[in-house]
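Asks: Got a predicted structure plus its sequence, pasted below:
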Amino acid sequence: MSKQMSHLDNIPSTPGKFKMDKSPYIHNRLRWHSSLAKLTFWSFMFLGLILIFFFRSPSSNPLPQDPSRRSLRTYNWGGPAWEKRVRSSARIRSRNGISVLVTGAAGFVGTHVSAALKRRGDGVLGLDNFNDYYDPSLKRARQALLERSGVFIVEGDINDSALLRKLFEVVAFTHVMHLAAQAGVRYAMENPGSYVHSNIAGFVNLLEVCKSANPQPAIVWASSSSVYGLNTKVPFSERDRTDQPASLYAATKKAGEEIAHTYNHIYGLSLTGLRFFTVYGPWGRPDMAYFFFTRDILKGKSISIFEAANHGTVARDFTYIDDIVKGCLAALDTAEKSTGSGGKKKGPAQLRVFNLGNTSPVPVSDLVSILERLLKVNAKRNIMKLPRNGDVQFTHANISLAQRELGYKPSTDLQTGLKKFVRWYLSYYSGGKKAAG
Ligand SMILES: O=C(O)[C@H]1O[C@H](OP(=O)(O)OP(=O)(O)OC[C@H]2O[C@@H](n3ccc(=O)[nH]c3=O)[C@H](O)[C@@H]2O)[C@H](O)[C@@H](O)[C@H]1O
């Protein structure tokens, strides 16, 4: 040890100043003491700086940035007043009505579906964790909208088994409309954990509680067009292969479909997966292209429009929210009862998957042209190669199965749907509200 010390000590700090002392041992000891004092001083300074940084850092906020950590937030639920609100919101107010737990109720599709169910007299209880994947104030505004129509949204996470069990204790839900998920194709590369947390762990947790509920509810849930991945056969049919996902988001939705199969097979849960195709409309998601293109065109910022190799067109089967809502309600109305009870299967149960698309793909550049006309502003177009981050070149739904079984018949073209979106956007973000992001 001392050998090593003197060796380190003898290395000159400044070249040319090296001089051997007559008493190297004493000299080295003095230098060692002063180094130790310096080291202690700087260590304290460093520690102090770390502490200051830690306490001032935004990551010590109660709402951290990482969604998987965000969902570890504790929520306040329970108590007689809370139970009363839950019961009242879930109370059926029409003959033959159903009582539905809607997860992700403050989300885009969740808000529209909850409002539609409530309008026709069904009992609706919302559940949402209000995470900040995108502007939470938009979720709060949707919550306020639902509140006015008598829908209560419980604040909590689908990973919280105690909360879910409590909800089923208070209300014997006939159906669950499961729309809570980590959405977005490209964000999966930034935060893969949040997809596993919500789309896989959260879904399994929900199914675990549903399988043990008595009676078991029938479950309709959001899968995605992205499960078709690299499939090139068009239009995409439910019979086509879905084993080549192009993003982790798609892989977690595909996993969800397999998990649904398992719970149907073992526990007799009635399960219907809906493969949504790029849903858009008023109260939409700010992370989606039509939404942030609108914001950026209005701000005069350039937008990136993706194109495939050799100037290939990138297109989406954009589907208007009202059509999707009709598909969701039809799926709930045609869902058969689950067959199990007390966690045991009593007989075979219904297992379905449907495409809910518009069956009329539109190139992204045409979407931009429509927005330009509606906004009366020319977009600053920046044509870019389709990045390799999960995007696929095109989507196109074959909807004949949904047509046959659900009476699903989309009726809104992109021009009409975007007109409604733009009208909402302009009114929502006027009056002091700022565009998200
Ligand atoms: O159907 C689904 O299951 C998914 O639909 C949606 O995914 P996508 O179809 O990828 O929608 P979205 O991001 O709006 O991009 C639209 C188009 O704009 C192109 N695009 C995108 C961004 C950009 O900067 N430039 C661009 O050209 C882009 O290449 C694409 O062609 C949902 O977000 C997703 O959660 C999931 O529900």
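Replies: Okay, I see it. Computed from a prediction, not measured in an experiment: that's the story for all the values here.

Asks: what does the stretch 301-437 of the chain put close to the ligand?
Replies: When proximity is defined by Cβ under 6 Å from any ligand atom, the stretch 301-437 of the chain lies next to the ligand at 304-306, 314, 316, 364, 391. C-betas here are computed from N, CA, C, even on glycine.

Asks: can you do 8 Å?
Replies: 303-306, 314-318, 364, 367, 384, 386, 390-395 (Cβ under 8 Å from any ligand atom).

Asks: so how far is the ligand from the residue lying closest to residue 322 once chain neighbours are set aside?
Replies: The spatial neighbour of residue 322 that comes closest, neighbours along the chain excluded (Cβ to Cβ, 6 or more residues apart in numbering), is residue 412 at 6.2 Å. Distance, residue 412 to the ligand, using Cβ to the nearest ligand atom, to the nearest Å: 16 Å.

Asks: Same check on residue 369?
Replies: From residue 369 to the ligand the distance is 13 Å (Cβ to the nearest ligand atom).

Asks: that older thread, my guess is the residue nearest to residue 322 contacts residue 318. True?
Replies: No - counting by Cβ atoms under 8 Å, residue 412 sits too far from residue 318 to count as a contact (9.6 Å).

Asks: Now list whatever residues contact both of the two.
Replies: residue 358 (Cβ atoms under 8 Å, 6 or more residues apart in numbering).

Asks: more neighbours, the two?
Replies: Ranked by neighbour count (other Cβ atoms under 10 Å), residue 412 and residue 318 place residue 318 first, with 27 against 20.

Asks: who touches the more buried one in this structure?
Replies: Going by Cβ under 8 Å, 6+ apart, the list of residues near residue 318 reads 277-278, 280, 290, 358, 361-362, 367, 414, 417.

Asks: For the nearest residue to residue 289 once chain neighbours are set aside, the count of nearby residues, please.
Replies: Nearest residue to residue 289, sequence neighbours excluded (Cβ to Cβ, 6+ apart): residue 364, at 6.9 Å. For residue 364, the count of nearby residues is 21 (other Cβ under 10 Å).

Asks: Equivalent analysis for residue 320, please.
Replies: 23.

Asks: For it, give me the backbone phi and psi.
Replies: Dihedral pair for residue 320: phi -70, psi 140, per degrees, to the nearest 10.

Asks: That one and the ligand, how far apart?
Replies: For residue 320, the distance to the ligand - Cβ to the nearest ligand atom - is 13 Å.

Asks: how about that residue, what does it touch?
Replies: With Cβ under 8 Å, 6+ apart, residue 320 has these contacts: 279-281, 358, 410, 412, 414, 416-417, 420.

Asks: List only those of those flagged as buried.
Replies: For the contacts of residue 320, a burial check counting by 16 or more other Cβ atoms under 10 Å picks out 279-281, 358, 410, 412, 414, 417, 420.

Asks: Among those, which ones are in strands?
Replies: Within these, residues falling in strands by DSSP state E are 279-280.

Asks: Make a markdown table out of the buried ones among the contacts of residue 320 and add pLDDT.
Replies: Output for those, formatted as a markdown table (pLDDT from 0 to 100):
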| residue | pLDDT |
| --- | --- |
| 279 | 98 |
| 280 | 99 |
| 281 | 98 |
| 358 | 98 |
| 410 | 98 |
| 412 | 98 |
| 414 | 98 |
| 417 | 98 |
| 420 | 98 |
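
Asks: Would you mind giving the buried ones among the contacts of residue 320 as a markdown table with distance to residue 100 added?
Replies: Listed next are the buried ones among the contacts of residue 320 as a markdown table, based on distance: Cβ to Cβ, whole Å:
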| residue | distance to residue 100 |
| --- | --- |
| 279 | 19 |
| 280 | 24 |
| 281 | 21 |
| 358 | 25 |
| 410 | 23 |
| 412 | 24 |
| 414 | 30 |
| 417 | 25 |
| 420 | 25 |
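
Asks: For residue 128, state which of the buried ones among the contacts of residue 320 is nearest.
Replies: residue 279 (17.4 Å; Cβ to Cβ).

Asks: Residue 180 versus the closest one, what's the distance?
Replies: Distance from residue 279 to residue 180, counting by Cβ to Cβ, to the nearest Å: 15 Å.

Asks: likewise residue 128?
Replies: 7 Å.

Asks: Those two: who's more crowded?
Replies: More neighbours surround residue 180 than the other of residue 128 and residue 180, with 28 against 25 (other Cβ under 10 Å).

Asks: Now list the buried members of the residues of the stretch 301-437 of the chain next to the ligand.
Replies: By 16+ other Cβ under 10 Å, those give 303, 305-306, 314-318, 364, 367, 386, 390-395 as buried.

Asks: Check residue 90 and give its pLDDT.
Replies: At residue 90, the model reports a pLDDT of 98.

Asks: wait, what's in contact with it?
Replies: Counted by Cβ under 8 Å, 6+ apart, residue 90 has contacts 99-101, 123-125, 170-171, 173.

Asks: What of residue 157?
Replies: By Cβ under 8 Å, 6+ apart, the contact list for residue 157 reads 71, 73, 75, 129, 163, 202.

Asks: and the second one, that's in a helix?
Replies: No - residue assignment for residue 73, taken from DSSP: H, G, I helix; E, B strand; the rest coil, gives coil, which places it outside any helix.

Asks: where does the closest residue to residue 386 other than its chain neighbours land in three-state SS?
Replies: Take residue 386 and drop its neighbours on the chain: the residue closest to it by Cβ to Cβ, 6+ apart is residue 306, 4.4 Å away. The three-state label given to residue 306 by three-state DSSP is strand.

Asks: Kindly state the beta-bridge partners for residue 306.
Replies: residue 384 (DSSP bridges).

Asks: what's the distance between the residue nearest to residue 289 and residue 379?
Replies: 11 Å.

Asks: now swap in residue 203 and tell me
Replies: Distance, residue 203 to residue 379, using Cβ to Cβ: 38 Å.

Asks: cool, residue 244 as well?
Replies: 33 Å.

Asks: Neighbour count: the two, which is higher?
Replies: residue 379 (21 against 15).

Asks: was I right about the more buried one contacting residue 368?
Replies: Yes - proximity of residue 379 to residue 368 meets the contact threshold set by Cβ under 8 Å, at 5.3 Å.

Asks: Which residues are in contact with each of these two?
Replies: 293, 297, 303.

Asks: Quick one: residues in contact with the helix or strand where the last one lies.
Replies: Counting by DSSP states H and E, the element that carries residue 303 is strand 302-307. Taking contacts as Cβ under 8 Å, 6+ apart, the residues outside strand 302-307 that touch it are 292-293, 296-297, 313-314, 364-365, 368, 379-387, 391.

Asks: Do a quick rundown of the helices in the stretch 301-437 of the chain.
Replies: 321-334, 364-375, 400-406, 414-429 (DSSP state H, counting those that start in this stretch).
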